[in-house]
Structure formats: structure tokens, C-alpha cells
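Novice: Generate coordinates for the sequence data below:
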Amino acid sequence: MDVSFRVLGPLEVHYGDSRLEIGTPKQRTVLAMLLLHANQAVTPARLVNELWPEHAPNSAHANVTTYLSRLRRVLAGAGCRLERSDSRYVLTTRAETIDLHRFAAEAAAGDAASAAADPAAAAERWGRAAAMWHGEIFEGVPTGPTLDIARTEWTERRTTVLEQYARAQLRLGNPAVVVADLRRHAGAEPLRESGWLLLMAALYLEGNPAAALRAYEDARSVLAEQLGVGPTAHLRRMRDAIGIDDRVRVLAQLDSDTDNGAAGAAGAPVVPRRKPAQLPADVSAFTGRTAQLHQLTSLLRRPQGRSTVVVSAISGTPGVGKTALAVHWAHQVAERFPDGQLYVNLRGYDPDEPMTAADALARFLAVLGVADSDIPVETDERAARYRTETAGRRMLIVLDNVLSEDHVRPLLPGTGSCAVVVTSRDRLAGLVARDGATRLDLDLLPEADAVALLRQLIGVRVDAEPEAAGALASLCARLPLALRVAAELAVSRATTSLAQLVAELGNRDHLLDRLDAGGDPHAAVAAVFSWSYRHLPADVARVFRLFGLHPGRDADAYAVAALADTDLDAARRALDLLARAHLVHPTGADRFGMHDLLWAYAKDEAATDDRRAALGRLFDYYLATAATAIDLLYPAEAHRRPRVPAVTTPVPDLGDPAAARRWLDAERACLRATAGYAATDGWPTFSIRLPALLFRYLAGGLHDDGLAIFRHGRHAARQVGDRAGEANAINGIGSAYAQVGRHAAAAEQFNRALRLFGEVGDRTGEARARTNLGLTDERLGRYASAADQHERALANFRHVGDRTGEARALTNLGIVEQRLGRHAAAGDHLRQAYDLFSLLGDRTGEASALDKLGTVDAELGRYEPAVDHHQRSLALYRQLGNRRGEAGVLDNLGIAHCLLGRLEEAAAFHLRALALFREIGDRDGEAWALNGLGAASEPAHAAHHYAAALTVAAETGVRDQQARAHAGLATAYRATGDLGRAREHEAYASALYTDLGRPALKALL
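Specialist: Numbers count the residues shown, from 1 in each chain. This next block holds a predicted model:
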């Protein structure tokens, strides 16, 4: 007889026909841990932590020994060995005796069969795996941190297997087999998009489209009630496919990206969901707060409804250690959140503007894997996308330094899978009342804990002078921030007794005045800051004061050198001394920031310095270095940018374009903050010139920062009546809108810029605005209007002698002419553009012109020259690190190889292009690549790719790719004998091609 262990449901041990009695709940927990780690050593300490994660009794180890002894007797009768070796315990059994291991083996066999293109075998193995579950894993077993994580991970694997099984059966034509399971799945996981997609598809394929559409309405209601969002694009596409009774499109939606990470429609590589780990470093020498740590942990164990988020609001006076407690606790419990941790400092009480919820959401969405181009513009849209991205994920979210309930509410996830910790000086009563937050009011450290912190920081001198240490703790108001600053000063003066230091701190009249200010802890903090500050060398104290003027949240040594008008070595020495004194803290490589209280103190102390001169040097440094970086990255457009004089303060050595881009990326947040400060605090020229320098860099997908910087520029320009500066900024705002597909809003901005440029007589500006209007028209399929805008832009560029602008206008005109089938004119314009770019040394322009020449060659039947042009373009784009350009060329190489009859090579190029387009968030490019895959595939598979391309193109409004997809579907259906659908798609394609002005392509139908 064999023993059988069951954990995929209630924990049971079977031996022959008998079920063995396991014992008490804690004994069951011990057995669950041993089975999870079968044939591996488990320490008693790990079992204690699992049984008592918060408060282990003194008898914990003895109790564990008793549980193990009882289990050894139970298992011995079933032929299993529970052995002790080197104070560790090992349960020895064959893997197949544990249902969890059998499940994993069957699931892996299903994965292998699927990879070998054997869907029937895959469905059989996945079905066996799914059938092994009889409830929740470890059901009825009290669990601690390790079993909690295992439960989450294996439950997710179970869900994935169920969905893989259902998807395989649907592809095999067996929807009735899985409908009941999918109904239960959607009910149990109502926020999981993939479950609803599969249920809708199964009901439709079973012949019940009305029930499928009712399932869509159920999904819509759940999402609206629990997350406050509408159905996703995937759900809408499935609804539309069912609504028009398009079986091919329904099946295509099963191949679309879903929450479970299934491969895309074209077989692109699976991209796993990101697991962010944003917590700052744990606090050194953290002391006390034991009760508060236990209180926070206990909140994680309270019963939660599916729509309830655990929110802990830590409030207290500045410097009391709110952030330290939140971060320290977060590190303690991080392993309970297998999907990662998010952290943001919202700077609610900084001297300057707090971080907006919109900016924080953009950061979170980016780290969660949302492409920059897919991040919505409006705050409520970002919040909805954030709730969607965090739904069902077990994440820990720390929202630090919150100003108010309204400040933080958009950052709360929508479901109880996440836990949120909020810190604020405000008591956040509304968050408690409306959002169910548990408030934790943090008081001053108890005296014993305050002295203990000093002991950790100063050492044995505290025990040698206990009374002086207590007095020092009292003078610091028992605030951790003040205690740390005072302790560092004590360490730096090792030969001075603590009693002398206490006397020195207490005998200064102006400090005593502060300390006696009604017992205000803020005054004690200021007193300690002042005490530490006055012991700094004069040059370091000056750096400290001027650091407080910096508008950004951190700064590097070059920026500090500019503020202080000193050399780089002196700036670095000062920052090192300030860091050792805990007056600044490192934020990255050669970068430093300040606690908000220190920032306010430093800014206040800077009143005696020449603030305007210091800020003037800083702004000049940023403009000069930004100009150098941009000139390295985009040398051909230097004549369009304002000339910036050199500065006398140190600047970094940006020796190549890669170094230039690294500097811009590192300083982007500071440049944005500085532009905002300058626009409203008397430095409008800086805010006008900065966007004029950065426009090309910001156009590379940085639409969020671009919108902010261009809006600051517009505000500053309007303040001083600078119409040309306003036009430049508005043109940039339009480009930012265009990057996220808001073409109507973009066109409105471009037209405003065009009028302003005309009013001030800026012909180059007019040409740039017309170029942008032409690009918008071309994107929307308005080719005649696009050609007109590009021709007028070309005339303007030639009139003012702007050769770079002329080359770009020729390229854009060539693209539109190629779209209209005017190949001779397109080729002439593209060759002129290439010659000009080569003369100017504009390698990006060369690559673009070569690629478009290849496209013209391909349409004229010159396939080998087309491949040559594309290969040369690809080499240039890769040298430049231009991934968007690389993706476009790979797609065009696929088209050329397809026309040469090399279908396998063509498909490989399109797949690589598709992966890149998806990675950078280029939805238009995705439609191109999917259409290319359709052309390179056999008719039976081609329809899937064309249907997917049609869905994407319809969402983005790219009409030529809609027409191309309809034409491809017509060809695929005709080849498979479905003439009715073929004629329907031919009609759609014909109408679109006629509307686009491409009669030659219409004639091919």
C-alpha cells in the first residue's frame, strides 16, 4: 500500500483505504510545511515563525518538538520517515505521493505538449491537472508567511492551468466541456479579465451568443462597481466580434494578451508581469515601536472582503519617524506580497509644490510595465488604469508624506489583494471614515527607546553617561530625526563628554527660546538642526543653506557646485560631510536629497545669502548642460535651438550621445521641477528656453514630462508677452498629445501654434507646425491634406534656408506620395532627402529616407534593392539605438521578403517587429506587423493575424491598415471557400481604399 498526501483542498493523509488522523491545527500547519518542502531540511526556527509570526511564546521550540514527535508516530505507520539531522527535520517521501507534485508534473506535461503543437495532448494533461483540486490549497490549515505565499503562487498556477485547458478545448471545438467550469471561474475571480473572455468565447462557440453578451454585461457591472472602470479593450473587442457573428475574430481574441500572460496573436514572446521592488533601504539602527509594528502586521490578518483594501494611516508630528516605521515594517512583511512593492514620496509638506497624484500614478504605471505611450493623460483615467493594473495582484504600497485625503485617494487600489500604508502629518479623518483606513497615531519615542537609539548610534558613551544621555534625548524632544542629527555630532566630537554637549545645547539663549516655545517638538527639531549646523565649517554650512534653494527633490554635485559657485571637489566634500552629519541623504549615484524639515530649515537660513545669484547660476548650468547634451544627440537641428552661453561653474563631461542621454534621463525630473519653479517665481526666460532646447528629446515618447515642461513654458511666455515662446510651447503640447493618440487635441494645438508663428513672422515655426499637422493628417489617412501641409512646410523651410527642415519635409512628402501611389515622385523626394541628410550628417534622417526608399522599391517590384535599402537603414537605426525606427524597418523587411516568396524569413522579421512595437507601446506599428504576419501565413492562420490587425487598427484609427486587414481577410476567406465573408471584407476594403484615394490598391481586390 502507498501513502497519499493531499494538499489541493483539505489537508489529508491516506494510507490504503484509511485516512490518518493528523491532529491539532498547529500540527497540521507543521505537516503542511514539511510537505511543501518534502525531501528538504526544515529548521525548527522556520516552523516557529510559521506558527507564531507575531508573538512566539517562550515554549515555542518545545511545542514544535512535540508536534514533530506526534507526526513522526502518525507517519511511521504509513511507511514515511520524518527524520532529524543537524537540528533540521526532513520528511522523506516520493514526489508522486503528494498531489501538489502530481499537479505540477501534469501541468508541465501540458505546457510541453502545447509547445510541440499538440493541442489534444495538452488539453488532456491540463485537464488531469485541473481535476486534482478539491478546494483551496491547504484548506482549513492555519497559515503563516511561507504558506501564505505558497497558497498565492499555487492558486495562480491552478488558475492558469484551468484557463489553458479551457482555451485548448475551445480551439479543439469542444466548448460544452468547459462552460460550467468557466462560469464558476468567472464567479470566483470576477476581476480577472481572461476568465470573462474565455466564458464569452465558450458561450458563443456553443451557439449561445445572447448568453455570451450577457456575460459581457456581467463583467462590465463588476468592473464598474468594484474598480470604478469600464470594460477593457480586450473585452470590448470580444463583444464586438460576437456582435457581428465573426467566429474568426472570436478565436483571435483568445490569442490576445490576457492577464495570465498568454502569448500574443502572432506568437510573440511572453512578457512576464513586472515585480517592482521600490522600497527604500531599510532604516539603520531602527529602535522601538514594537507595539506599532505588531498593530500594522495584525491588520494583514483580519478578514477582508474582495473589494476592501487594507489601508493603514500613520500620522504624527514632523520628525517623529513615520517614514522610518512604514519602511521598516514594509521590509519585514515584503515576502507576503509576491507581486512586489510600490513606494512614492508625495512630498506633501515640502517647501515647494507637492507631487501631484497624476505624476505619482504615471510613475507607478511605468514601473508596472505600462508603456509610456499608453499612460493616459488625465488623472482619473490614470487612476482607473492603475486600479486595473493592480487588480488581483498581491502588492504592498507605501504612500509617504501625504498632504490630504484628496491627495492620496486616486492612489488607492480597487481590491483587497493589496495593502496600503499612508504617512502624513494630517490625521486623514476622511480616509478613516470613507475608505476604512486604520489610523495609527505615532507619538514621541518613549524615553527608554530614545536612549536606546542614542546607544546604537553613539555607542558605549551612552552607558557611561546615562543621565547626560537622558538629558540629550529630552533636548531632542525624543524625535528620531533630531536624535540622529545630535548623535552624529556627538560621534564627530569623540573627545567631548555627553554632559558637555548637553550643556552646550541647553545654554544657548536663542535655542532655549525655541525649546521653551510651549513644548513644541518642531522647535526642538530646529534647535538640534541649528546646533549641528553651527558646527559645520563655514563653506559647508553655505552649501547646506544654498541646497535648500534647489527646486528639485535631489541634486548632484555639479548642481550644488553651481549653486555655491565652487569647484566640483569642494562640492563633493561638502556633500560628504553633510551626509555624515545626517543633514542630507544619498538618493542615487552622486545624488543627494534632504528631509522636508531640513529643506525648510536650510531655505530659511539662506535668507542672508544672495538667493537670486545662486539660482541664476543653477539655471544657467542646467541650460548650458542641456544644450550640450541635445547638440550631441541631435546635431543637425542645432540651428533651431536657442544659443546658450558657456558657464564658469563645473559641467559634466558628456563625451558622446550615450552619455548625453544618460544625463538627460537622470536630470529630467529636476529639469521639470525647475521649469515649474522658474515659471512662477520670477525666472520666465528659463522656462521659455528649456522646452525650446528639449523639444526633440521630449518627443521621443516622454509625453508626460513633455506636457508639463511645455505647459510651464506657455505660462511663462504669456506672463512676459513672448508670442514666439508661447507658439513654441504650444507646438510642443500638440506633439505630446499626438504621442498618446489624441490627434484631434494635437491638431487644435498645432493650428494655434501656426497662427501665433504667423503673427510674429516666424517662417521656420510655421513650417514646423505645418509638418506636425501633416503628420497628424497622414496618421489619420487624410493623404491629400497631409501632402498639402508638407508641400507648404517644404516651401517655408527652403525660403528660410533651413536645410534640415527641408530634408525632413521631403521625407514626409515622399511618405505621403508613396501612400497615394505616386511612386516616381516619392522616390525623387526621398532621394533628395537622403542626399541632404548625408550632407548634414543627420544619421537618423539618413536611416528614415533609406527605409522609405526601400518601401517604394518594394511597391514597384524592385525587391532586392528594397531589401538592400532596408538593411542599410536597419544598421543605422541600431547604431543610433533608435528602437522605434528599428521596429519599422524589420516590418518592412518582412514585407519585402514576403514579396520575394520567402515566407518563413518574412514571418520571422514581422515577429521581431511585433515584439519591439509591443515593447515600446506603438499600437500603430503593431497593426502593421500583424497584417504582415497575415500576408506571410497560410490562409487558415492568416485570418487570425488579419483579424487581430483589424482590431488594433480600428482602435487607433489607422485607416490604411484597416483597409489592408479587410483585404487580407477577403483573400484568406476566399482561399478557404467562405465566399460570403470574402465579399463582405472586399466591400469594406474597397470603400476604405476609395476614401483614402488609393485606387490602384482597390483595383487589386
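Novice: what's the neighbour count on residue 16?
Specialist: Other residues near residue 16 number 10, with proximity taken as other Cβ atoms under 10 Å. From N, CA and C alone the C-beta is placed, and that goes for glycine too.
Novice: Tell me if residue 13 really is in a strand.
Specialist: Yes. Secondary structure assignment places residue 13 in a strand (DSSP: H, G, I helix; E, B strand; the rest coil).
Novice: ok, it - contacts?
Specialist: Listed by Cβ atoms under 8 Å, 6 or more residues apart in numbering, the contact partners of residue 13 are 3, 4, 5, 6, 19, 20, 22, 31, 74, 75, 78.
Novice: Output the stretch of helix or strand residue 769 belongs to in PDB, but only the C-alpha positions, please.
Specialist: Secondary structure from DSSP states H and E places residue 769 in helix 763-779. Listed next in PDB are the C-alpha coordinates belonging to helix 763-779 (Å, rounded to 0.1, in the frame of the first residue of the first chain):
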ATOM      1  CA  ARG A 763       8.500  81.200 -41.000                       C
ATOM      2  CA  THR A 764      10.500  78.300 -39.600                       C
ATOM      3  CA  GLY A 765       8.000  77.900 -36.800                       C
ATOM      4  CA  GLU A 766       5.100  78.000 -39.300                       C
ATOM      5  CA  ALA A 767       6.900  75.200 -41.200                       C
ATOM      6  CA  ARG A 768       7.300  73.100 -38.100                       C
ATOM      7  CA  ALA A 769       3.600  73.500 -37.200                       C
ATOM      8  CA  ARG A 770       2.600  72.600 -40.700                       C
ATOM      9  CA  THR A 771       4.900  69.500 -40.500                       C
ATOM     10  CA  ASN A 772       3.100  68.400 -37.400                       C
ATOM     11  CA  LEU A 773      -0.300  69.000 -39.000                       C
ATOM     12  CA  GLY A 774       0.800  66.900 -42.000                       C
ATOM     13  CA  LEU A 775       1.900  64.100 -39.800                       C
ATOM     14  CA  THR A 776      -1.400  64.100 -38.000                       C
ATOM     15  CA  ASP A 777      -3.300  64.000 -41.300                       C
ATOM     16  CA  GLU A 778      -1.100  61.200 -42.600                       C
ATOM     17  CA  ARG A 779      -1.700  59.200 -39.500                       C
END
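Novice: Output the contacting helices and strands for whichever helix or strand comes after it.
Specialist: Later in the chain than helix 763-779, the nearest helix or strand by DSSP H and E is helix 783-800. When contacts are defined as 3 or more Cβ pairs under 8 Å, 6 or more residues apart in numbering; DSSP states H and E, helix 783-800 packs onto helix 763-779, helix 803-819.
Novice: May I see those helices arranged in JSON lines, with mean neighbour count, mean pLDDT and distance to residue 892 as well?
Specialist: Formatted as JSON lines, the entries for these read as follows, by neighbours: other Cβ atoms under 10 Å; pLDDT from 0 to 100; distance: least, Cβ to Cβ, whole Å:
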{"stretch": "helix 763-779", "mean neighbour count": "23", "mean pLDDT": "92", "distance to residue 892": "17"}
{"stretch": "helix 803-819", "mean neighbour count": "24", "mean pLDDT": "93", "distance to residue 892": "11"}
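Novice: Among the contacts of residue 13, which one has the most neighbours?
Specialist: Scoring the contacts of residue 13 on neighbours with other Cβ under 10 Å, the highest-scoring entry is residue 31 at 25 neighbours.
Novice: Which parts of whichever strand or helix holds that residue count as buried, going by neighbours?
Specialist: Take DSSP H and E as the rule and residue 31 turns out to sit in helix 25-36. Across helix 25-36, burial judged by 16 or more other Cβ atoms under 10 Å covers 26, 27, 28, 29, 30, 31, 32, 33, 34, 35, 36.
Novice: ok, now stretch 456-474?
Specialist: Of the residues in stretch 456-474, 457, 458, 461, 462, 465, 468, 469, 470, 471, 472, 473, 474 count as buried by neighbour count, 16+ other Cβ under 10 Å.
Novice: out of these, which one sits closest to residue 412?
Specialist: Ranking the buried residues of stretch 456-474 by separation from residue 412, with Cβ to Cβ as the measure, puts residue 457 on top at 36.0 Å.
Novice: Surely that closest one is within a helix?
Specialist: Yes. Judged by three-state DSSP, residue 457 forms part of a helix.
Novice: For it, which non-adjacent residue is spatially closest?
Specialist: Using Cβ to Cβ, 6 or more residues apart in numbering and skipping the chain neighbours, the partner closest in space to residue 457 is residue 487 (3.7 Å).
Novice: And the strand or helix carrying that neighbour, what's buried?
Specialist: In the assignment (DSSP H and E), residue 487 maps to helix 480-492. For helix 480-492, the neighbour count (16+ other Cβ under 10 Å) marks 480, 481, 482, 483, 484, 485, 486, 487, 488, 489, 490 as buried.
Novice: Against residue 314, how distant is the fifth one?
Specialist: Going from residue 484 to residue 314 by Cβ to Cβ, to the nearest Å gives 19 Å.
Novice: re the thing from before, flag the least confident of the contacts of residue 13.
Specialist: For these, the least confident position by pLDDT is residue 78, scoring 76.
Novice: what about stretch 696-715, average pLDDT?
Specialist: Computed over stretch 696-715, the average pLDDT equals 87.
Novice: quick revisit: what's the closest of the buried residues of helix 25-36 to residue 448?
Specialist: Comparing the buried residues of helix 25-36 against residue 448 with Cβ to Cβ places residue 26 closest, at 34.0 Å.
Novice: Spit out the contact partners of the closest one.
Specialist: So, once contact is read as Cβ under 8 Å, 6+ apart, residue 26 ends up touching 51, 63, 67, 142.
Novice: Okay, and which of those map to helices?
Specialist: Within the contacts of residue 26, residues falling in helices by DSSP state H are 51, 63, 67.
Novice: Quick check, pLDDT for the second one.
Specialist: What that stands for is residue 63. Model confidence at residue 63 (pLDDT) stands at 91.
Novice: Ok, the first one next?
Specialist: For residue 51, the model assigns a pLDDT of 90.
Novice: Please name the residues that touch it.
Specialist: When contacts are counted by Cβ under 8 Å, 6+ apart, residue 51 is found next to 26, 29, 30, 60, 63, 64, 142, 144.
Novice: Distance of it relative to residue 145?
Specialist: The separation that residue 51 has from residue 145, given Cβ to Cβ, amounts to 11 Å.
Novice: and what of the second one?
Specialist: Distance of residue 63 to residue 145, computed by Cβ to Cβ: 18 Å.
Novice: Pick out whichever of the two has more residues nearby.
Specialist: Taking neighbours as other Cβ under 10 Å, residue 63 and residue 145 compare with residue 63 leading, 19 against 16.
Novice: Could I get the contacting residues of the more buried one?
Specialist: With contacts taken as Cβ under 8 Å, 6+ apart, residue 63 has the following neighbours: 26, 51, 57.
Novice: one more time with 7 Å, if that's ok
Specialist: For residue 63, no residue counts as a contact, taking Cβ atoms under 7 Å, 6 or more residues apart in numbering as the criterion.
Novice: give the contact list for the nearest residue to residue 845 once chain neighbours are set aside.
Specialist: Leaving aside its chain neighbours, residue 845 sits nearest to residue 837 (3.5 Å; criterion: Cβ to Cβ, 6+ apart). The contact partners of residue 837, by Cβ under 7 Å, 6+ apart, come to 807, 845, 846, 849.
Novice: can you rerun that using 8 Å?
Specialist: By Cβ under 8 Å, 6+ apart, the contact set of residue 837 is 636, 807, 843, 845, 846, 848, 849.
Novice: Helix, strand or coil: sort out it for me.
Specialist: Residue 837 carries the three-state label helix when classified by three-state DSSP.
Novice: Now do it against residue 806, distance only.
Specialist: If you measure residue 837 against residue 806 using Cβ to Cβ, the figure is 10 Å.
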